[in-house]
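Trainee: Fold the following.
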Amino acid sequence: MLKARDIMTTEVVTVDGSATVAEAVRLMKEKGVRALIVERRSDDDAYGIVTQRDIVYSVMAERKDPTKVKIHEVMTKPLVVVNPNLDAVYVARLMAQKGLSRAPVIYEEKLQGVVSVTDLITKAM
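Mentor: Presented below is the predicted three-dimensional model:
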């Protein structure tokens with residue numbers, strides 16, 4: 001049976017929470033991704049995530065200046081994360097139950113990758 005580690009994307013694009021939304025959008029466009037994992041400030045901190053949807057709803061719809069809004073103001077944190085040894089079926093169930101389109105894979109407090117709905121569809125079927 002496939003595990004999260006078998007289907008996850010390992011080239012994860014990250015951003016610092018102090019970056020501006022405009023910087024994050026440029027990075028998303030450059031890397032061709034729809035979400036960025038927000039780096040931890042310290043070993044005791046949790047990872048965060050910022051998505052295109054977060055930016056549209058929290059910045060654009062509110063007519064805020066993306067060059068002034070910081071990522072930490074619009075990100076989601078803490079995250080639902082998965083262990084790399086979790087069966088892909090359970091990853092899919094967890095994501096469905098929580099309404100997630102992606103979940104970071106964390107092992108020993110380190111970011112290993114991200115499992116997305118696309119990963120589940122293309123690699124686990």
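Trainee: For residue 31, give its distance to residue 88.
Mentor: 25 Å (Cβ to Cβ, to the nearest Å). For the C-beta atoms, the positions are set from N, CA and C on the backbone; glycine is no exception.
Trainee: who's more crowded, these two?
Mentor: The residue with the greater number of neighbours, taking residue 31 and residue 88 and applying other Cβ atoms under 10 Å, is residue 88; the counts read 22 against 12.
Trainee: For the more buried one, which residues are in contact?
Mentor: With contact taken as Cβ atoms under 8 Å, 6 or more residues apart in numbering, residue 88 is in contact with 1-4, 6-7, 120, 123-124.
Trainee: cutoff 10 Å now
Mentor: Contacts of residue 88 were listed using Cβ atoms under 10 Å, 6 or more residues apart in numbering, and they are 1-8, 82, 115, 119-120, 123-125.
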